[in-house]
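In: Need the 3D shape of this:
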Amino acid sequence: MDLTIVEAVLFDMDGTLVDSDAAVERAWRSWAAEYAVDPDAVLAVAHGAPADRTVGLVRPDLGAAEAATAAARQLDLQYDDLADVVPTPGALALLAALRLPWAIVTSADVRLAEARLGAAGIVAPLLVTVEDVRAGKPDPEGYLRAAELLGVAPQRCLVVEDAAVGVAAGRAAGARVAALKGVEADLALPDLGTLARLLAARDEASV
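Out: Okay, the predicted model is just below:
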């Protein structure tokens, strides 16, 4: 993938910059027990998606008010579960070396995003949460909003994700997409250190 046209980087949060996988799984398993849903079925569709989307998929029988309460409950289970939330390997080094404008686009709400980023020691220059958009991932609105706020065309942004719904959102926004964890995308990343090296080589070549 040609990185020379990239003018900004748009990162997902959970699983990409912040290792919160264990906390996310604990919350969904607790929620599944409360709402009589197979936890494995929940986890199969939950990663990277807003809570309300997941609730709608696994409990389509709930009315609008009940579904909103269920989604809020799931977030409540996550807010204070930060004991093992840390930056993903290579995240801090990548961000420190990054010469391009960047933002975080997350399916979390602002309270949860700020809590996890704080636990990981990451300060985002621009944060777009699920509260800033009408539709969460896989809808592209979050990535389009971040690109707009950075003043960069979506086609010149690199989205970095670790979930299929996020890759779909980035592609729908018109961006190039890199993905971790073996998720299919325009660029496969074994780790963030690889991205740091690719961007560093790009910067050196442009000098």
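In: what about the strands in this protein?
Out: Under the criterion DSSP state E, strands of the chain are mapped to 8-11, 18-19, 86-87, 102-105, 127-128, 157-161, 176-179, 187-188.
In: Quick check, pLDDT for Ala51.
Out: Ala51 is assigned 89 on the pLDDT scale.
In: Please apply the same query to Val207.
Out: Among the per-residue scores, Val207 holds a pLDDT of 63.
In: Once you drop chain neighbours, what's closest to Asp38?
Out: Nearest in space to Asp38, with sequence neighbours left out and distances taken as CB to CB, 6 or more residues apart in numbering, is Ala32 at 6.8 Å. The C-beta positions use only the backbone N, C-alpha and C, and glycine is treated the same way.
In: Surely the one you found is in contact with Pro39?
Out: Yes - taking contact to mean CB atoms under 8 Å, the distance of 3.9 Å between Ala32 and Pro39 places them in contact.
In: So between these two, which is more surrounded?
Out: The neighbour comparison of Ala32 against Pro39 (other CB atoms under 10 Å) goes to Ala32, with 20 against 16.
In: got a list of what the more buried one touches?
Out: Taking CB atoms under 8 Å, 6 or more residues apart in numbering as the contact definition, Ala32 lies against 38-39, 42, 58.
In: quick revisit: and the residue nearest to Asp38, how close does it get to Ala46?
Out: Ala32 is 9 Å from Ala46, where distance means CB to CB, to the nearest Å.
In: repeat for Leu180
Out: In this view, Leu180 and Ala46 are 17 Å apart by CB to CB.
In: got it, and Gly182?
Out: Gly182 sits 18 Å away from Ala46, going by CB to CB.
In: What count of nearby residues applies to the closest residue to Thr54 other than its chain neighbours?
Out: Among residues not flanking Thr54 along the chain, Ala46 sits closest, at 4.5 Å (CB to CB, 6+ apart). Ala46 is flanked by 26 other residues according to other CB under 10 Å.
In: which ones are touching Ala46?
Out: Applying CB under 8 Å, 6+ apart to Ala46 gives the contacts 24, 28, 54.
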